[in-house]
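**Student:** Task: produce atomic coordinates for the following.
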Amino acid sequence: MDFEKLCAERYSLRKFSDCPVEAEKLEKVLEAGRNAPTAHNNQPQRIFVIKSSEGLEKVDGCTAAHFHPPVMLVIAYSKEIAWDREIDGKNHGEIDATIAATQMMLQAADLGLGTTYVGMFDPEKLLAAFPEMNGLVPTALLPLGYPAEGAHPSRLHADRIPMENMVRYL
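**Tutor:** Predicted coordinates:
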């Protein structure tokens, strides 16, 4: 798929099939996150792959967004590794992690998979449920899998503000 079409047609999938995600496709999605640009190339993003029913149940206990995907990616970052802007000390870890998530979402769509960016979760519960994430800041859950039969974009998917309301030439 060409990039313009991919960006326009990719949508937040909220209804997943039970079909497992092939290891090769999962690796390509993860590689897209690894290749994401980060401030000063510090690469503070960390990605956790959850596929077991026990792990998926633990994630469900940390969010009200229950989409039942076969794979859940948890996107996090290390504050200590992320670059801090010298002028004001702004930590860029969340930005870097979000860029990685975006690249993974686009790669998934290119492979025929679906995702949705979930920010509605309790980070403290998530860290308590998964001690492997201690010392990191979780930023997003990324359910991943094939669209279920009848899955479709939300009615708001194609609603976009006019370009002149978003872009200003100075």
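
**Student:** which secondary structure elements does the lowest-mean-pLDDT helix or strand in the chain contact?
**Tutor:** Across the helices and strands of the chain, mean confidence by mean pLDDT, DSSP states H and E is lowest for helix 3-9: a mean of 91. For helix 3-9, the packing partners by 3 or more Cβ pairs under 8 Å, 6 or more residues apart in numbering; DSSP states H and E come out as helix 93-110. No exception for glycine: its C-beta is placed from N, CA and C like everyone else's.

**Student:** quick one: the following helix or strand past the helix it packs on to chain centroid distance?
**Tutor:** Sequence-wise, the next helix or strand downstream of helix 93-110 (DSSP states H and E) is strand 114-115. Centroid separation for strand 114-115 versus its chain: 9 Å, with Cα atoms, centre = their mean, to the nearest Å.

**Student:** And the spatially closest residue to residue 90 that is not a sequence neighbour, how far from residue 133?
**Tutor:** With sequence-adjacent residues excluded and distances taken as Cβ to Cβ, 6 or more residues apart in numbering, residue 90 is closest to residue 84, at 6.7 Å. According to Cβ to Cβ, to the nearest Å, residue 84 stands 21 Å off from residue 133.

**Student:** hey, what's the residue nearest to residue 90 bridged with?
**Tutor:** For residue 84, the beta-bridge partners are residue 91 (DSSP bridges).

**Student:** Point out the other helices and strands that the longest strand seen in the chain packs with.
**Tutor:** Using DSSP state E, we find that the single longest strand of the chain is strand 137-145. When contacts are defined as 3+ Cβ pairs under 8 Å, 6+ apart, strand 137-145 sits against strand 71-77, helix 93-110, strand 114-115, helix 123-129.

**Student:** let's see 6 Å
**Tutor:** The criterion is 3 or more Cβ pairs under 6 Å, 6 or more residues apart in numbering; DSSP states H and E, and the helices and strands that strand 137-145 contacts are strand 71-77, helix 93-110.

**Student:** Go through the ones you listed and pick out the most buried.
**Tutor:** Mean neighbour count, computed with mean count of other Cβ atoms under 10 Å, is highest for strand 71-77 among the helices and strands packed on strand 137-145, reaching a mean of 24.

**Student:** what's the angle from that strand to strand 137-145?
**Tutor:** What separates the directions of strand 71-77 and strand 137-145 is an angle of 160 degrees, with axes from the mean of the first three to the mean of the last three Cα atoms, to 10 degrees.

**Student:** what does strand 71-77 rub up against?
**Tutor:** With contacts defined as Cβ atoms under 6 Å, 6 or more residues apart in numbering, strand 71-77 is touched by 21, 44-48, 50-51, 56, 59, 93, 97, 101, 133, 136-145.

**Student:** Mind checking which of those residues are buried?
**Tutor:** By neighbour count, with 16 or more other Cβ atoms under 10 Å, those hold 21, 44-48, 50, 56, 59, 93, 97, 101, 133, 136-145 as buried.
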